[in-house]
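Novice: Build me a structure from this.
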Amino acid sequence: MPTYIAAIDQGTTSTRCIVFDRQGTIVSIGQKEHSQIYPQPGWVEHDPEEIWRNTQEVIARARINAQIQASDIAAVGITNQRETTVVWNRKTGKPYYNALVWQDTRTGDLVASYAEEGGQDRFRAATGLPLATYFSSLKIKWILDHVPEVRDDAERGLALFGNMDTFLIWHLTGGTYNGLHITDVTNASRTQLMNLETLEWDDALLEAFDIPRAMLPQIRSSSEVYGTVSSEVLPGVPIAGILGDQQAALVGQTCFEPGQAKNTYGTGCFLLMNTGTELRHSTYGLLTTVAYRFGNQPVHYALEGSVAIAGALVQWLRDNLGLISTSAEVDTLARTVADNGGAYFVPAFSGLYAPYWKADARGVIAGLTRFVTKGHLARAVLEATAYQTLDVVQAMEKDANIQLSSLRVDGGMTINELLMQFQADMLGVSVIRPKMTETTALGAAYAAGLAVGYWSNFDDLRQNWGVDRTFEPEMAETDQQRLYRGWQKAVERSFGWES
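Specialist: Below is the predicted model of the structure:
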């Protein structure tokens, strides 16, 4: 039996290859950032070819770092930024246009025109999703309508659509030489084109969005052997797991029981709660999504609350305002003050996601006085992530009819102990940080490893999960309520900014 499992984690800002052992410990890692392209306000693009080059490079780096042969790797799993949309030519392998990133808001007018007939929730019963700039459906439509030749090629089966999982797998398995054109149920559930009950592309949705079915990949489970890598970076290694990044983190946190929840603190913030095999429709502004499907087992669903801007706000403080020179400095700066000084930062840069779904909201800093310093602003930046998470948790508790008893956390921002403590104070429950915070890549590795028998069952995976630190709430309830009221007032000030 080969010694390791590899995971490719294609994220919003970088691509990584992480190699794990049976204990779920990192053996080796390769990582490379890619360009963020902003052609106009609200437009966010990536160069898919740059990401494919980076993917090959990080796999090579991860192997070289630990002197790992392809034969040492039992399987590879893929996890990816969801909703990000690329359309490419089957014959040449070339994208027709840059990838439209999940954060991109150019489809705002389309959202409004579709909502005129049947409202923002007209597709929610079938897809679990509201009309929003976030999902792939309208991004595909925009490319079909605005990029020359794509629609003709799509009708003829020449133009292929995929999220980043699909694009990379197609290249890894041969590309123009019979590359596999597939995705899994978790990624498909974020396109707004898959029916949540049938787990198939929905003809009524394709007709509504005017998208040719020939463009779409085949939908598979999240854990099975799909094919093998033909590229020289991992020759002959089975590709056996695909999970959208947030679902991968849920699996990496071993949240296999209904009611278990995790929050990932990355570029954005994503809270998922496993609701089991029961499809729960949200009445409080959350998304219903596929959690995972292992092989032929029944599909598991989740409720999700998505926050667009979390870690990205720290980057904005660094890159746009220059108040800090590295992301880590936000903690030092925030600790120069005892509280937020009355200042609140609502980072609605691309509208507000759950539970508000206000595409017309824009970022505001509220409560400013002469007293406020850059330390208070740094603190407000960190607190914004905790407040947005509380908004989502409250909606989730109402929807699922389950009181959250603790929250498992992962992602880059969890190293910030000021934020983690404030999160526990705001939620009033324990916040549990595991030893392994790279749970997204780990989840993809788990899906691939289960498919090839590297791990036998969920119990094997649960044994790997261990606690690094638990943050218990310490704040008086009156203080918590006062701070949260201020946040709610600030959020209302961000509404209706874009006309």
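
Novice: what's the helix or strand where Gly449 lies packed up against?
Specialist: Taking DSSP states H and E as the definition, Gly449 sits inside helix 439-451. Other helices and strands packing on helix 439-451, by 3 or more CB pairs under 8 Å, 6 or more residues apart in numbering; DSSP states H and E, are strand 4-10, strand 14-20, strand 73-80, strand 223-228, strand 238-244, helix 245-252, strand 261-265. Placement of C-beta: from N, CA and C, glycine included.

Novice: buried sites along whatever helix or strand comes next after the second one?
Specialist: Reading on from strand 14-20 to the C-terminus, the next helix or strand found by DSSP H and E is strand 26-33. Going by neighbour count (16 or more other CB atoms under 10 Å), the buried part of strand 26-33 is Ile26, Val27, Ser28, Ile29, Gly30, Gln31, Lys32.

Novice: Can you tell me which of the residues you listed is nearest Leu279?
Specialist: Ranked by distance to Leu279 (CB to CB), the buried residues of strand 26-33 are led by Ile26 at 35.1 Å.

Novice: Okay, and the beta partners of the closest one?
Specialist: Counting by DSSP bridges, Ile26 forms beta bridges with Phe20.

Novice: Hmm, it is touching Val19, no?
Specialist: Yes - with contact defined as CB atoms under 8 Å, Ile26 counts as touching Val19 (7.3 Å).

Novice: So Leu352 is in contact with Glu492, correct?
Specialist: No - if you go by CB under 8 Å, Leu352 and Glu492 don't touch, sitting 10.7 Å apart.

Novice: between those two, which one's more packed in?
Specialist: Set Leu352 next to Glu492 and count neighbours by other CB atoms under 10 Å: Leu352 wins out with 26 against 14.

Novice: which residues touch stretch 38-45?
Specialist: Gln36, Ile37, Asn98, Ala99, Leu100, Val101, Gln103, Asp104, Thr105, Arg106, Gly108, Ser350 (CB atoms under 8 Å, 6 or more residues apart in numbering).

Novice: Ends of that stretch, what's the gap?
Specialist: End-to-end distance for stretch 38-45: 6 Å, by CA to CA, to the nearest Å.

Novice: which residue lies farthest from the center of this protein?
Specialist: Distance to the chain centre peaks in the chain at Arg370, reaching 38.2 Å (criterion: CA atoms, centre = their mean).

Novice: what's the most distant pair in the buried residues of strand 26-33?
Specialist: In the buried residues of strand 26-33, two members sit farther apart than any others by CB to CB. They are Val27 and Lys32, at 18.6 Å.

Novice: how far is the helix holding Gly449 from where the chain is centred?
Specialist: Distance, stretch centre to chain centre, for helix 439-451: 16 Å (CA atoms, centre = their mean, to the nearest Å).

Novice: residues in contact with the next helix or strand after that helix?
Specialist: Downstream of helix 439-451, the next assigned helix or strand under DSSP H and E is helix 458-464. Outside helix 458-464, the residues within contact range by CB under 8 Å, 6+ apart are Gln23, Gly24, Thr254, Phe256, Met436, Tyr446, Leu450, Trp455.

Novice: ditto for stretch 339-346
Specialist: With CB under 8 Å, 6+ apart, stretch 339-346 has contacts from 313, 352, 361, 363-369, 371-373, 376-377, 379-381, 383-384, 387, 483, 486-487, 489-491, 493-494.

Novice: Just the buried subset of the residues you listed, written out for ChimeraX, thanks.
Specialist: Command for ChimeraX, covering only those of the contacts of stretch 339-346 found buried under the criterion 16+ other CB under 10 Å:
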select :313,352,361,363,364,365,366,367,372,376,377,379,380,381,383,384,387,483,486,487,490,491,493,494
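
Novice: Inside helices: which ones of the contacts of stretch 339-346?
Specialist: If you go by DSSP state H, the contacts of stretch 339-346 have 313, 376-377, 379-381, 383-384, 387, 483, 486-487, 489-491, 493-494 in helices.

Novice: which residues of the stretch 201-350 of the chain fall in strands?
Specialist: Counting by DSSP state E, counting those that start in this stretch, the stretch 201-350 of the chain has strands at residues 218-220, 223-228, 238-244, 261-265, 269-276, 287-292, 300-307, 344-346.

Novice: Mind listing what's buried along stretch 149-168?
Specialist: Quick answer for stretch 149-168 (16+ other CB under 10 Å): 150-151, 153-154, 158-168.

Novice: tell me which of those is nearest to Ser14?
Specialist: In terms of CB to CB, no member of the buried residues of stretch 149-168 lies closer to Ser14 than Met164, at 12.2 Å.

Novice: Please determine how far that closest one is located from Asp9.
Specialist: 10 Å (CB to CB, to the nearest Å).

Novice: Common neighbours of these two, please.
Specialist: Common contacts of Met164 and Asp9 (CB under 8 Å, 6+ apart): Asn80.

Novice: Need the pLDDT of the closest residue to Phe345 other than its chain neighbours.
Specialist: Distance criterion CB to CB, 6 or more residues apart in numbering; nearest residue to Phe345, sequence neighbours excluded, is Ala380 at 4.2 Å. pLDDT, Ala380: 95.

Novice: Go ahead and confirm Ala380 touches Ile365.
Specialist: Yes - with contacts counted by CB under 8 Å, Ala380 reaches Ile365, the gap being 7.2 Å.

Novice: got a list of what the closest residue to Leu450 other than its chain neighbours touches?
Specialist: Excluding the flanking residues, the one nearest Leu450 by CB to CB, 6+ apart is Ser223, at 5.2 Å. Applying CB under 8 Å, 6+ apart to Ser223 gives the contacts Ala240, Gly241, Tyr292, Arg293, Phe294, Gly295, Ala447, Ala448, Leu450, Ala451.

Novice: Could you measure from Ser223 over to Gly241?
Specialist: Going from Ser223 to Gly241 by CB to CB gives 5 Å.

Novice: Now do the shared contacts for those two.
Specialist: Taking CB under 8 Å, 6+ apart as the criterion, Ser223 and Gly241 both touch Ala447, Ala448, Leu450, Ala451.

Novice: Closest to Gln56 out of the residues you listed?
Specialist: Of these, the one sitting nearest to Gln56 (CB to CB) turns out to be Ala448, at 18.5 Å.

Novice: Find the helix or strand that Glu57 is a member of.
Specialist: helix 48-66.

Novice: Check the average confidence over that helix, would you?
Specialist: In this model, helix 48-66 has a mean pLDDT of 95.

Novice: how about the helices in the stretch 51-200 of the chain?
Specialist: 108-116, 124-127, 136-146, 150-155, 164-172, 185-188 (DSSP state H, counting those that start in this stretch).

Novice: Looking at the ones you listed, which is nearest to Ala338?
Specialist: Proximity to Ala338, assessed across those by CB to CB, is greatest for helix 108-116 (40.0 Å).
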